[in-house]
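Participant: Here is a sequence together with a model predicted from it:
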Amino acid sequence: MHRPAILPNGYLALCRKNPPSLLVLDQGLKPPPLLPNPPAARAGPPRRTLHTDMGALLDAQPDGTGDLTLVVGGRRFPVHRAILIARCDYFRSQLEGGFADGAAAELSLPDADPAAFELLLRFVYTGAVDIPPALAPALAELADRLLLPELCSDAQAAVLSGVSAGTVVGSLLWADRLGGSFSGLLSALRAWYLKHHEEVHREAPEALTRLSAERPDLMVELLLSVARSAKR
């Protein structure tokens, strides 16, 4: 006879090996308490990354570690000179190129949008930033000016992803005015207009009036493109 066992329902189970048999008796027994679960292993600290650490350093400003202040539209941004030099060609040229600004404790960007610059600074420190559609155009311009092509490209993509019938003409005029590194965006906006021209005519006729007044040649180009696509 093997060792008896008390089942969870209080029955007594008896088993025999030779010949094999099982006898279950209702004895009204109380089953033994279950063993407690072992304590969960204590989780270690979250894995640290360069992205999060650099973001925390930026968020901690001013903490006394910064050695340069950037003044943008009346706002002051304490920063670290070495990080700006390593991450941004514009600031490298300003701070290392023999300019008088190289030794200055403050550097001004009077024509920059401070909200867009705050996003740009986070990109410089961490390599990534969430771009609100409303700030995408200003950020794209500022990134182009400060020689950050990757951020400029990301901001242009945000402009394109947020385009609508009511905004496409304004975005077209803006990208056309800037030219240069915005030529790819201009082509993409033209393609969007051609695909949605009926929607634009229906929902934003005042935008077309603006387009014909500010860039009649661009208006003609778009109308001709619409006509050509209609014949295909």
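Facilitator: That came through, no problem.
Participant: how near is Ala191 to Leu146?
Facilitator: 28 Å (Cβ to Cβ, to the nearest Å). Placement of C-beta: from N, CA and C, glycine included.
Participant: So for these two, which sits in the more crowded spot?
Facilitator: Leu146 (20 against 12; other Cβ atoms under 10 Å).
Participant: measure Ala188 to Glu106 for me?
Facilitator: 39 Å.
Participant: Comparing these two, which residue is more hemmed in?
Facilitator: Neighbours around Ala188 and Glu106, counted as other Cβ under 10 Å, are more numerous at Ala188. The numbers are 17 against 10.
Participant: moving C-terminal of the helix or strand containing that one, what's the next helix or strand?
Facilitator: Using DSSP states H and E, Ala188 sits in helix 183-203. Counting by DSSP H and E, the next helix or strand C-terminal to helix 183-203 is helix 205-214.
Participant: Tell me which other helices or strands that following helix touches.
Facilitator: helix 168-178, helix 183-203, helix 216-231 (3 or more Cβ pairs under 8 Å, 6 or more residues apart in numbering; DSSP states H and E).
Participant: Of those helices, flag the one that's most buried.
Facilitator: helix 168-178 (a mean of 19; mean count of other Cβ atoms under 10 Å).
Participant: Strands of the chain, residue ranges please.
Facilitator: 5-6, 12-16, 21-25, 68-72, 75-79, 106-108 (DSSP state E).
Participant: can you list the residues that contact the fifth one?
Facilitator: With Cβ atoms under 8 Å, 6 or more residues apart in numbering as the test, strand 75-79 has contacts from Gln61, Pro62, Gly66, Leu68, Thr69, Leu70, Val71, Pro114, Phe117, Glu118, Leu121.
Participant: Can I have the buried ones of those residues as a PyMOL selection?
Facilitator: Buried members of those, defined by 16 or more other Cβ atoms under 10 Å, are picked up in PyMOL with:
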select buried, resi 61+66+68+69+70+114+117+118+121
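Participant: Next, count neighbours for the closest residue to Pro4 other than its chain neighbours.
Facilitator: Leaving aside its chain neighbours, Pro4 sits nearest to Leu14 (5.2 Å; criterion: Cβ to Cβ, 6 or more residues apart in numbering). Other residues near Leu14 number 14, with proximity taken as other Cβ under 10 Å.
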